[in-house]
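Participant: fold the following.
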Amino acid sequence: MTTAHLHVEDRVGTGRPIILIHGWPLSGEAWKKQVPALQEAGFRVITYDRRGFGRSDKSTSGYDYDTLAADLAGLIEERDLRDVTIVGFSMGGGEVARYIANHGEDRLLSAVFASAVPPYMMQTEDNPDGPLTSQAAKDMENKLRAGREEFFDGFTRDFFTANGELKVTEEERQKAVALCLQSSQTAALGCMEAFGTTDFRDDLKNITVPTLVLHGDADGIVPIEGSGQRTHAAVAGSQLVTVSGAPHGCNISHPREFNAALLGFLNG
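Facilitator: Below you'll find the predicted structure:
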């Protein structure tokens, strides 16, 4: 397994540790509207940039979920964190599922899947409810290879659009584009393949800690019907909170509702 130096921001506090795992192809900066609310509530808030993204090492390999989950495990063990809540947004939900499958729950208190890709994005013969077709995945890959700036411009529009309407300001969207452009092309393509083709159905069976599934009901990137609702059904005792009229990037477009649901779960 290749090692990578990760850019980590650890806002050390007296409360329980919360690790926020960002979506593709952003960075830890995408949690700007959650960090202050969590800090004010007394939590120790940790964000990091996934390898290949943001300010972390631009590794030439290691963009499979076993390696990405090992990166998360390394962060947790290096800081000897316990009673941790891991919050995975979009692609980051895969790290939550694979971390638990590969590394167990001994250090965890709870888990959150936010707009997350599990249980299995790719539509296959034995996964007919997968929201991503092989042709759509190939089209995404080809467009990213053809031109990063044009691709990320279109992707961020879809990311923040619900029911045909952009739900963030143009300034917020441009900030997201800037974060996308910090990714390496190798990382962007490798992680695109990983989140599109990794099957987390067996991983979810290992989850016994309290779990929140948080999803916008107008998500056009990772539709709730093929992801959040199925994860909720697969994780016994999990809570499902839907954000009405919210797009994929609901933590930015609907921060009040997102933060209220997250804090309600953490303090429950």
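Participant: need the strands for the stretch 1-150 of the chain, in chain order.
Facilitator: Listed in chain order, the strands of the stretch 1-150 of the chain (DSSP state E, counting those that start in this stretch) span 8-11, 17-21, 44-48, 84-89, 108-114.
Participant: could I get the phi/psi values of residue 23?
Facilitator: Phi and psi for residue 23, reported as degrees, to the nearest 10, are phi -90, psi 170.
Participant: list the buried residues for stretch 83-94?
Facilitator: 84-94 (16 or more other Cβ atoms under 10 Å). To be clear about C-beta, it is placed using only N, CA and C from the backbone, and glycine gets the same treatment.
Participant: please enumerate the strands of the stretch 151-268 of the chain.
Facilitator: 161-162, 165-166, 211-216, 239-243.
Participant: hey, which of those strands is tucked in deepest?
Facilitator: Of all the strands of the stretch 151-268 of the chain, strand 211-216 has the most neighbours on average by mean count of other Cβ atoms under 10 Å, namely a mean of 26.
Participant: list of residues touching it?
Facilitator: Strand 211-216 is contacted from outside by 110-116, 162, 222, 224, 227-229, 231-232, 235, 237-243, 245-248, 250, 253-254, 258, 261-262, 265, using Cβ atoms under 8 Å, 6 or more residues apart in numbering.
Participant: how about the strands of the stretch 151-268 of the chain, which one is nearest residue 21?
Facilitator: When the strands of the stretch 151-268 of the chain are compared by Cβ to Cβ, strand 211-216 sits nearest residue 21, at 13.4 Å.
Participant: now do the closest one against strand 84-89, angle only.
Facilitator: With axes from the mean of the first three to the mean of the last three Cα atoms, to 10 degrees as the basis, strand 211-216 and strand 84-89 are set at 20 degrees to each other.
Participant: just want the angle from strand 211-216 to strand 108-114.
Facilitator: 20 degrees.
Participant: what about strand 211-216, distance to the chain center?
Facilitator: Centroid separation between strand 211-216 and its chain, computed with Cα atoms, centre = their mean, to the nearest Å, is 11 Å.
Participant: cool, and stretch 104-124?
Facilitator: 9 Å.
Participant: dump the C-alpha coordinates for that stretch into PDB.
Facilitator: C-alpha atoms of stretch 104-124 as PDB (Å, rounded to 0.1, in the frame of the first residue of the first chain):
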ATOM      1  CA  GLY A 104     -13.900  -2.500  13.000                       C
ATOM      2  CA  GLU A 105     -15.800  -0.200  15.300                       C
ATOM      3  CA  ASP A 106     -13.600  -0.300  18.400                       C
ATOM      4  CA  ARG A 107     -12.700   3.400  18.100                       C
ATOM      5  CA  LEU A 108     -16.100   4.600  16.900                       C
ATOM      6  CA  LEU A 109     -19.100   5.900  18.700                       C
ATOM      7  CA  SER A 110     -21.300   6.500  15.600                       C
ATOM      8  CA  ALA A 111     -21.400   7.000  11.800                       C
ATOM      9  CA  VAL A 112     -23.100   9.300   9.400                       C
ATOM     10  CA  PHE A 113     -23.700   8.900   5.600                       C
ATOM     11  CA  ALA A 114     -24.500  12.200   4.000                       C
ATOM     12  CA  SER A 115     -25.500  12.300   0.400                       C
ATOM     13  CA  ALA A 116     -23.400   9.200   0.300                       C
ATOM     14  CA  VAL A 117     -22.700   6.700  -2.500                       C
ATOM     15  CA  PRO A 118     -23.300   3.400  -0.700                       C
ATOM     16  CA  PRO A 119     -24.600   0.800  -1.000                       C
ATOM     17  CA  TYR A 120     -23.500   0.400  -4.700                       C
ATOM     18  CA  MET A 121     -23.700   3.100  -7.400                       C
ATOM     19  CA  MET A 122     -23.200   1.000 -10.500                       C
ATOM     20  CA  GLN A 123     -26.300  -0.500 -12.000                       C
ATOM     21  CA  THR A 124     -25.700  -4.200 -12.700                       C
END
